[in-house]
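In: Structure, please.
(one chain, ligands or ions: 3)
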Amino acid sequence: MRSVSDDFPVSTVLGYPRIGPDRELKHALEAYWDGRAGRDHLERVGRRLRADTWRRLAELGLDGLPSNTFSFYDQVLDTAMLVDAVPDRYRECADPYFAMARGVDGVAPLRMTKWFDTNYHYLVPEIGPRTRFRAVADKPLAEVREARELGHETRPVLVGPVTFLRLAQAAPGSPDGFTPVDRLDDLLDVYVRLLSLLAAEGVGWVQLDEPILVTDGGSPAVRHAYRRLAGHPRRPKLLVASYFGDIADALPALAVTSVEAVALDLTHGVPEDVELLRGRTVVAGVVSGREVWRTDLDRARALMAAAGATRVSSSCSLLHVPYSLRGEDILPGRLAFAEEKVAEIVALAALGPKAAPGAVDTGGTAVTGAGSRRRPDTGVTERSAYAVRAAAQRDLNLPTLPVTTIGSFPQTAEVRAARQAFAAGRSSREEYESLIEREIGRAVALQERLGIDVLVHGEPERNDMVQYFAEHLDGFAVTRNGWVQSYGSRCTRPPILHGDVRRPAPITVRWATYAQSLTGRPVKGMLTGPVTIVAWSFVRADRPLRDVTMQVADAVREEVRDLEAAGIRVIQVDEPALRELLPLRKGDQDEYLAWAVAAYRHATGGAGDATQIHTHLCYSNAADVSAAIDALDADVTSIESARSGTGVPGFGRGLGPGVYDIHSPRIPSRAEITARLQRALRTIPAERLWVNPDCGLKTRTYEQVEEALTNVVAAAGAVRASMEDPGHR
Ligand SMILES: CN1c2c(nc(N)[nH]c2=O)NC[C@@H]1CNc1ccc(C(=O)N[C@@H](CCC(=O)N[C@@H](CCC(=O)N[C@@H](CCC(=O)O)C(=O)O)C(=O)O)C(=O)O)cc1
Ligand SMILES: N[C@@H](CCS)C(=O)O
Ligand SMILES: [Zn+2]
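Out: Ligands and ions are numbered 1, 2, ... in the order given. Coordinates of the predicted model:
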């Protein structure tokens, strides 16, 4: 076994935001994609962001700087490029990288899904028995050289081989029973080569990110992989980074390898058998990369002492928090964003570990301050049986295969600019609201013209489906510039839930009723569900998440009842984050699902039988939580399936498997959508099948939406006709 490598820096971060403090990367990417700027401009912006990040981290006093944490789109996609796992269909494209990310005409993009339990999305690599791996180390090598020219020695960060394969999916056409992990040895050959290239470049340390270590069942692969990688003579020293949870049984597996350093996420507690790591460097992830509360330095030092660690880091990459508190005036003294977290790490490294007089509290490291005054209302009001509700809803007079959309219509530059002008006091409320009404009118008119059956108002009044509600609920604070990357160029500003949640007044009723006043067809009221509101916010840590979620459910319940009282007959309560909050360890999942379902049912359970409740989920594998989705007891559920191509669970109620992948600018053809519907009809009876896109249309243009929805409506019509006249099938 090697001895402690005391050349590992005392303070570091596992990764850093990369979208730019003012979302420079977002603007450069979108300019490049729209043809407003060339590749050279994009490269220049990337170089400047990397340089600014290294300079700022060094200025803040951090002594271990990571590199290769920058990405033009996603680090898992970068890893696919690194090992040349590029499916053949992209190889002829002008830009295979962005073709994999976004698709191009006739070529669908890779599937996108959630990165563990975060609101960050990665692209799912496709690995088959014949994928030819090859080391393409250009990007990490270029970043090492670039940093060196600026005077910084860096530690390249790579997604580890086990995480990469476990997150991949079997390439289409792979034989039954094949899983990407079957290719571990071939991939390790390539990692060995990558490590030797980095060693030849003079790199001292490499970080291999293996968050998969905090999930079940990875230990044998991890033991095998790191025995091989660490056993190779020509390599830099290895830091294996585990994060997003407790490393548990993977710790002994790593401990039998000769990796020099292990990063542990101590915000989830100190592993019982941390002693097994004696003799190597333990990097203490004590500053949370997932929360925004200031770190309790005493507790962090006690955790370091308990873990036998003298090196300090963030618990995971700081990608998941905003850049800095500069320009923010909320919750003074209570918050730390990325820059403030780096300062905490530097301070902790200087202070060093300090054993606490008592036992170490292995809970979160947050200081959130506010106490709670209110008990959650956990009473669940049951609705009648589905058959009774379905009968009561028959007067909605919907056709077979009703067509609907998921809620948002394109957020035009005009609406965003108007919202900004209103927020800055440059325009009046009347001006802003009349523009929103015009946008609603436009969306409603388009849907009527296209022949959509259940309409939406289009959500133009919302900056974001969570932030908008947070702005209208007590107990939340919102930032001015606290952007966090969600996927590619897309960002959100997660609100901060810091106190008791209350709804002071109805939120959506005026927009839903305005839209309904414009049409004789049903308009769906559109709400975000309680689980999703807490999942996409930074949440107080002084109350159990369950109780906080139930408070939010109370507020949503009040809104549901007000929409119903205002004559809205169909109400959608979105829960796209239901799967995201699922604990990473199987043993913890049932308890979570029970309270998450209870919160949803509390939010929707006040609706009468004649009100049709819809729900919507996306970005994750619905099959993993299909029993819970069923237990939500919504009358109609829409789920993603256009991009994932996965089967859909056969619920006993209405189901709309997405037939149009809205994340890609690509327009699905009528034939393609028809084929998807025909496939869906194999598992869902026609009287319960709904026709809808995968998700909301806010990121698309009106031109794209009109063309795509025309095909959606035509496909639904064609399938209806073929059911009436089976000869046409
Ligand atoms: C459904 N999804 C969502 C997730 N999380 C959320 N919190 N919200 C979601 O909708 N997670 C899973 C998925 C992830 N998907 C997306 C999809 C799209 C976006 C997105 O488009 N984000 C926008 C920002 C949206 C926003 O808050 N806009 C504000 C601010 C507008 C703005 O940018 N202003 C400009 C100036 C105005 C102008 O002239 O255009 C500026 O400041 O420069 C608003 O509308 O008021 C994005 O652009 O990234 C996110 C996640
Ligand atoms: N109603 C939302 C759901 C997104 S997950 C929308 O349409 O954008
Ligand atoms: Zn969605």
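In: ok, which stretches of the stretch 401-550 of the chain are strands?
Out: Listed in chain order, the strands of the stretch 401-550 of the chain (DSSP state E, counting those that start in this stretch) span 474-477, 484-487, 490-492, 496-502, 524-528, 538-539.
In: Please name the residues that touch the spatially closest residue to residue 221 that is not a sequence neighbour.
Out: Closest residue to residue 221 apart from its sequence neighbours, by Cβ to Cβ, 6 or more residues apart in numbering: residue 162 at 4.9 Å. To be clear about C-beta, it is placed using only N, CA and C from the backbone, and glycine gets the same treatment. Counting by Cβ atoms under 8 Å, 6 or more residues apart in numbering, residue 162 makes contact with 181, 184, 210, 212-213, 218, 221-222, 225.
In: Of the strands of the stretch 401-550 of the chain, which is nearest residue 9?
Out: In terms of Cβ to Cβ, the element of the strands of the stretch 401-550 of the chain nearest to residue 9 is strand 484-487, at 25.4 Å.
In: would you turn the strands of the stretch 401-550 of the chain into TSV with mean pLDDT and mean neighbour count?
Out: As requested, those are exported to TSV (pLDDT from 0 to 100; neighbours: other Cβ atoms under 10 Å):
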stretch	mean pLDDT	mean neighbour count
strand 474-477	98	19
strand 484-487	97	22
strand 490-492	97	18
strand 496-502	98	22
strand 524-528	98	28
strand 538-539	98	26
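In: could I get those strands as a markdown table with distance to residue 39?
Out: Formatted as a markdown table, the strands of the stretch 401-550 of the chain follow (distance: least, Cβ to Cβ, whole Å):
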| stretch | distance to residue 39 |
| --- | --- |
| strand 474-477 | 39 |
| strand 484-487 | 21 |
| strand 490-492 | 21 |
| strand 496-502 | 37 |
| strand 524-528 | 37 |
| strand 538-539 | 36 |
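In: Around ligand 3, which positions in the protein sit nearby?
Out: Counting by Cβ under 5 Å from the ion, the residues of the chain close to ligand 3 are 576, 618, 695.
In: Flag every buried residue along the helix or strand that contains residue 44.
Out: Per DSSP states H and E, residue 44 falls inside helix 39-59. Judged by neighbour count using 16 or more other Cβ atoms under 10 Å, the buried positions of helix 39-59 are 42, 45-46, 49-50, 53-54, 56-57.
In: what's the answer for stretch 110-120, then?
Out: For stretch 110-120, the neighbour count (16+ other Cβ under 10 Å) marks 110-120 as buried.
In: a markdown table for these, including pLDDT and secondary structure?
Out: Below are those laid out as a markdown table (pLDDT from 0 to 100; DSSP: H, G, I helix; E, B strand; the rest coil):
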| residue | pLDDT | secondary structure |
| --- | --- | --- |
| 110 | 96 | coil |
| 111 | 93 | coil |
| 112 | 92 | strand |
| 113 | 92 | strand |
| 114 | 93 | strand |
| 115 | 97 | coil |
| 116 | 96 | coil |
| 117 | 95 | coil |
| 118 | 97 | coil |
| 119 | 96 | coil |
| 120 | 97 | coil |
